[in-house]
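**Q** Any chance you can model this:
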Amino acid sequence: MVVEFLNPFANRIAGFLIGIGLPVHAGAVPDRTFLPGIHVANGVLIVDEARLTYPGDLLHEAGHLAVTPAARRNSVDGDAGEDGGEEMAAIAWSYAAALHLGLAPEVVFHAAGYRGGSGSMIENFSAGRYIGVPFLKWIGLTGDDYPAMTRWLRD
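**A** Numbers count the residues shown, from 1 in each chain. Predicted structure coming up:
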């Protein structure tokens, strides 16, 4: 399925996600979602572009789906999860994906995100102080050459 968004960042990110096997659909989302304009419905990222405040949030939500075991991925609905290890892995995954797409880290770690800690995230990742990478290694998505990824989705 091809999804076209007007925002070039959203369009680029959606194309990448679809290409690695994470479905993205344009559509209406509930009024209250964890991230504006994005809802996860049975493993599908639903995007309401008119309400999408930060396109980089797509990479973060996709990161949650990517690190979820394949057998559970299609059952993720609404909140992508509260597991701390998976949260840190989703952060590391989204950073690697942003770099892979040639996007600045600020696209994912925007000033309104991460409870005011986006500047620290950018500083730490830029200096090679990565959180979540041991989890990504453990599930076989990367090796010692992070932020290069061996594969994008957990089995």
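**Q** so where is this structure shaky, pLDDT-wise?
**A** Applying pLDDT under 70 to the chain picks out residues 1.
**Q** Report the buried residues of the longest helix belonging to it.
**A** Longest helix of the chain, by residue count under DSSP state H: helix 84-100. Across helix 84-100, burial judged by 16 or more other CB atoms under 10 Å covers 86-99. Heads up, the C-betas are built off the backbone N, CA and C, glycines and all.
**Q** just stretch 109-129 next, same as before
**A** Result for stretch 109-129 [16+ other CB under 10 Å]: buried residues 109-110, 113-114, 118, 121-122, 125.
**Q** who touches residue 151 in this structure?
**A** For residue 151, the contact set (CB atoms under 8 Å, 6 or more residues apart in numbering) comprises 140-141.
**Q** 6 Å instead, please
**A** Contact analysis of residue 151 by CB atoms under 6 Å, 6 or more residues apart in numbering lists residue 141.
**Q** Surely it is in a helix?
**A** No: judged by DSSP: H, G, I helix; E, B strand; the rest coil, residue 151 forms no part of a helix; its state is coil.
**Q** now it: how far from residue 139?
**A** Taking CB to CB, to the nearest Å as the measure, residue 151 falls 10 Å from residue 139.
**Q** One more: residue 93?
**A** Applying CB to CB, the value for residue 93 to residue 139 is 10 Å.
**Q** Kindly report the same for residue 59.
**A** 18 Å.
**Q** Nice, that's everything, thank you.
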